[in-house]
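[1] Test case, fold it:
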Amino acid sequence: MEQKKIALVGYGAMGKRIAAAIQAHEGWELCGVIDPLNEECLSSLSQLPEKPHVVIDFSHPANLEMILSYCREQEVACVLSTTGFSPAQEAMCRELSAYAPVVRTQNTSLGINILEEILRTITPILKDRFDIEIIEKHHNKKIDAPSGTAKMLARAIEESGDFPEVHGRDGVCPRQKGEIGIHAIRGGTIVGEHTVLFAGDDELIEIKHTALSKQVFVAGAIKAAEFALSAPKGFYSMGNALFPHNAH
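    Numbering: from 1, shown residues only. Have a look, this model is predicted:
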C-alpha cells in the first residue's frame, strides 16, 4: 500500500500533537514539519523525492499566502484550521479549491460540528420567539476574538435569516429584536467552551460544548486529512469530512 505523505505547517502545542498522530497513523508518513517561526517555508519540500499528498495547517494567518501558493503550484490538498483569517483570506482559500481539495474549518472537533448541525435544525423553529446569544471562552493566550468557532456557529444560525451581530455590550444599548449577541471571555488555560443560548419568555434553551483537551481537535484534523486524500478538487467544510452525505 502506498504511504500517504502528510506535511504539517505549525509546530506549536497543536502542531506537536498532530505530528504525533500522523506518525502513529497506519499508512501515513510525516514528510515535513514547517515551522514558520524558524523562517521555514513549504517550498523547502521541493527537495523531497515526492510531494506531500496533504498539507495540514494549524499555524497563523500570516502563513496563509505561503501555504496557498505552494498548494496551488503543486496541486496539493490542504486542511486549513487556523483561525483569524480576514474576509479576503477566506476568499483566497476558496480560490485554491479550483486547483486542489481544500477543507476549511475553524474547529475540527466532532462535537462542535454536531452543534453546528443542531443550530441549522432548531433556529428556523425558534428564531421568532427566542433571543439568541453566543458565549465563547478560551485560554489567555488566544489572540483572536471572537473565536473562529463562534463565528462559524453564528453563520450556521444566519442561514435561517438576517441576524445583525452585536459583539459585546457596553453602555446604553437596548437589545434589538433579531440580533445575535456574541461575547468572548479569555482566561487561564480554558481549552475551549462555546454556549449558544436561546432565551424566550419564561424558558431557556442552552446548548454547550466544552473541549476538555486539545486532543479532540487532533482527531478531527486527522479525519479531515483522510477526507481530503480522496476528495476531488473543491471547497469543503469540516461537516463534509465528518458527514460526507450531508449537503453542508
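
[2] What would stretch 107-119 look like as PDB? C-alpha coordinates only.
    C-alpha atoms of stretch 107-119 as PDB (Å, rounded to 0.1, in the frame of the first residue of the first chain):
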ATOM      1  CA  ASN A 107     -12.900  23.900  14.600                       C
ATOM      2  CA  THR A 108     -12.100  20.300  13.800                       C
ATOM      3  CA  SER A 109     -13.900  18.700  16.800                       C
ATOM      4  CA  LEU A 110     -16.800  16.300  16.200                       C
ATOM      5  CA  GLY A 111     -18.900  17.900  19.000                       C
ATOM      6  CA  ILE A 112     -18.800  21.400  17.600                       C
ATOM      7  CA  ASN A 113     -19.800  20.300  14.100                       C
ATOM      8  CA  ILE A 114     -22.700  18.400  15.600                       C
ATOM      9  CA  LEU A 115     -23.600  21.600  17.400                       C
ATOM     10  CA  GLU A 116     -23.500  23.400  14.100                       C
ATOM     11  CA  GLU A 117     -25.900  20.900  12.600                       C
ATOM     12  CA  ILE A 118     -28.300  21.300  15.600                       C
ATOM     13  CA  LEU A 119     -28.400  25.000  15.100                       C
END
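
[3] and it, how far out from the chain's middle?
    Between the mean C-alpha point of stretch 107-119 and the mean C-alpha point of its chain there is a distance of 10 Å (Cα atoms, centre = their mean, to the nearest Å).

[4] can you list contacts of that stretch?
    Around stretch 107-119, the neighbours that count as contacts under Cβ atoms under 8 Å, 6 or more residues apart in numbering are 81, 105, 148-149, 152-153, 156-157, 192, 194, 196, 207, 209, 211, 216-221, 223-224, 238-239, 242-243, 246, 248. For every residue, glycine as well, the C-beta is placed using N, CA and C.

[5] from those, which would you call buried?
    81, 105, 148-149, 152-153, 156-157, 192, 194, 196, 209, 211, 216-218, 220-221, 223-224, 238-239, 242 (16 or more other Cβ atoms under 10 Å).

[6] Return the subset of those lying in strands.
    With strands identified by DSSP state E, the entries of the buried ones among the contacts of stretch 107-119 that belong to them are 192, 194, 196, 209, 211.

[7] wait, what's in contact with the residue most central in space within the chain?
    The structure's the chain has its C-alpha centroid closest to residue 106; by Cα atoms, centre = their mean the separation is 1.6 Å. Remark: with contacts taken as Cβ under 8 Å, 6+ apart, residue 106 is in contact with 81, 83, 147-149, 151-152.

[8] buried ones in stretch 80-89?
    By neighbour count with 16+ other Cβ under 10 Å, stretch 80-89 contains the buried residues 80-85, 89.

[9] How far off centre is that stretch?
    Centre-to-centre, stretch 80-89 and its host chain are 9 Å apart (Cα atoms, centre = their mean).

[10] what mean pLDDT would you report for that stretch?
    Stretch 80-89 comes out with an average pLDDT of 91.

[11] What lies in contact with that stretch?
    Stretch 80-89 is contacted by residues 10, 56-61, 63-64, 67, 93, 102-108, 143-144, 147-149, 217, 221, 224 when judged by Cβ under 8 Å, 6+ apart.

[12] show me where pLDDT drops low in the protein?
    Applying pLDDT under 70 to the chain flags the ranges 1, 244-248.

[13] hang on, the earlier thing: pipe the buried residues of stretch 80-89 into a markdown table and attach distance to residue 16 per row.
    Written out in a markdown table, the entries for the buried residues of stretch 80-89 read as follows (distance: Cβ to Cβ, whole Å):
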| residue | distance to residue 16 |
| --- | --- |
| 80 | 19 |
| 81 | 15 |
| 82 | 16 |
| 83 | 18 |
| 84 | 20 |
| 85 | 23 |
| 89 | 25 |
